[in-house]
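In: Everything below, folded, please.
(chains A and B)
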Amino acid sequence: AQSVAQPEDQVNVAEGNPLTVKCTYSVSGNPYLFWYVQYPNRGLQFLLKYITGDNLVKGSYGFEAEFNKSQTSFHLKKPSALVSDSALYFCAVPRDTNAGKSTFGDGTTLTVKP
Amino acid sequence: NAGVTQTPKFQVLKTGQSMTLQCAQDMNHNSMYWYRQDPGMGLRLIYYSASEGTTDKGEVPNGYNVSRLNKREFSLRLESAAPSQTSVYFCASSRDRDETQYFGPGTRLLVL
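Out: Alright, predicted model coming up:
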């Protein structure tokens, strides 16, 4: 069964500081990994994905994520946080066919304070 | 290019009433999904349709039915609404199973 875990419900950072939102995964074979963002009262929006190749993936709004196979992690990062980055972030793997489960993490609320 | 659209945006139902949530995508995607989002529980898959003409149960299908009317449209029906179905419902689509999902704006449902 495929799954992801986001160990932190909440991450708080000051504007201008680097941010990290953590995700670990459990998949068989080569993983496809995604990050999505949800702003208040909106649907989820795609940020970036890892399929294969370079372990550092660059995405929208200056975000990037580092795939680490040995640690089974896919942490989302940004060098300098903005107040407008405050949102709910989801890590995801493709749907687990056998279990019929959606394989989104529970989400991490990022709050960037001025 | 509207992407994924959902109607209605907000609905209030009484226990026992029925309703259908509509979803349409204009990206020629094969796969479509219905999720519900509840506080502290992330996104839970209700039903999905891997391709036109097929539907399968997700993690929480009880109390719901779906119809993949054509490639564009995927509707979710509540036959007899219950307060436990109070939630925000999202429709999504993707080109194929392993591809990026594109989400609609959501339907906020309150069942009294």
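In: pLDDT score for residue B:99?
Out: Note for residue B:99: predicted pLDDT of 84.
In: Provide the secondary structure category for it.
Out: Classification of residue B:99 by DSSP: H, G, I helix; E, B strand; the rest coil places it in coil.
In: Show the contacting residues for it.
Out: residue B:31 (Cβ atoms under 8 Å, 6 or more residues apart in numbering or on different chains). The C-beta positions use only the backbone N, C-alpha and C, and glycine is treated the same way.
In: any idea how far the residue nearest to the spatial centre of chain B lies from residue B:19?
Out: Geometric centre of chain B, nearest residue: residue B:34, 3.0 Å, by Cα atoms, centre = their mean. Using Cβ to Cβ, to the nearest Å, one gets 14 Å for the distance from residue B:34 to residue B:19.
In: residues in contact with residue A:20?
Out: A:11, A:75, A:76, A:77.
In: thinking again about what came up before, for the residue nearest to the centre of chain B, what are its contacts?
Out: When contacts are counted by Cβ under 8 Å, 6+ apart, residue B:34 touches B:21, B:23, B:45-48, B:58, B:64, B:66, B:74, B:76, B:89-91.
In: partner residues bridging residue A:75?
Out: Note on residue A:75: beta-bridge partners residue A:66, judged by DSSP bridges.
In: these two touch, right, residue A:66 and residue A:58?
Out: No. With contacts counted by Cβ atoms under 8 Å, residue A:66 stays clear of residue A:58, the gap being 10.7 Å.
In: In terms of neighbours, single out the busier of these two.
Out: With neighbours defined as other Cβ atoms under 10 Å in any protein chain shown, residue A:66 and residue A:58 compare such that residue A:66 has more, 16 against 10.
In: quick one, what contacts the more buried one?
Out: Residue A:66 sits next to A:55, A:56, A:57, A:73, A:74, A:75, A:77 when contact means Cβ under 8 Å, 6+ apart.
In: So which of these are in strands?
Out: Counting by DSSP state E, the contacts of residue A:66 place A:56, A:57, A:73, A:74, A:75, A:77 in strands.
In: gap between residue B:100 and chain A?
Out: As judged by Cβ to the nearest Cβ, to the nearest Å, residue B:100 and chain A stand 5 Å apart.
In: Can you list the low-confidence ranges for chain B?
Out: For chain B, the stretches with pLDDT under 70 are B:1.
In: who in it is up against chain A?
Out: B:4, B:33, B:35, B:40-45, B:48, B:56-59, B:90, B:92, B:97-98, B:100-106 (Cβ under 8 Å from any Cβ of the partner chain).
In: Of those residues, grab the buried ones for ChimeraX.
Out: The buried residues among those can be selected in ChimeraX (16 or more other Cβ atoms under 10 Å in any protein chain shown) with this line:
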select /B:4,33,35,42,43,44,45,48,58,59,90,92,100,101,102,103,104,105,106
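In: what kind of secondary structure is residue B:22 in?
Out: Residue B:22 ends up strand, using three-state DSSP.
In: nearest residue to it other than its sequence neighbours?
Out: Leaving aside its sequence neighbours, residue B:22 sits nearest to residue B:7 (Cβ to Cβ, 6 or more residues apart in numbering or on different chains; 4.7 Å).
In: before we move on, what about residue B:58?
Out: The shortest distance from residue B:58 to any non-neighbouring residue, by Cβ to Cβ, 6+ apart, is to residue B:45 (3.1 Å).
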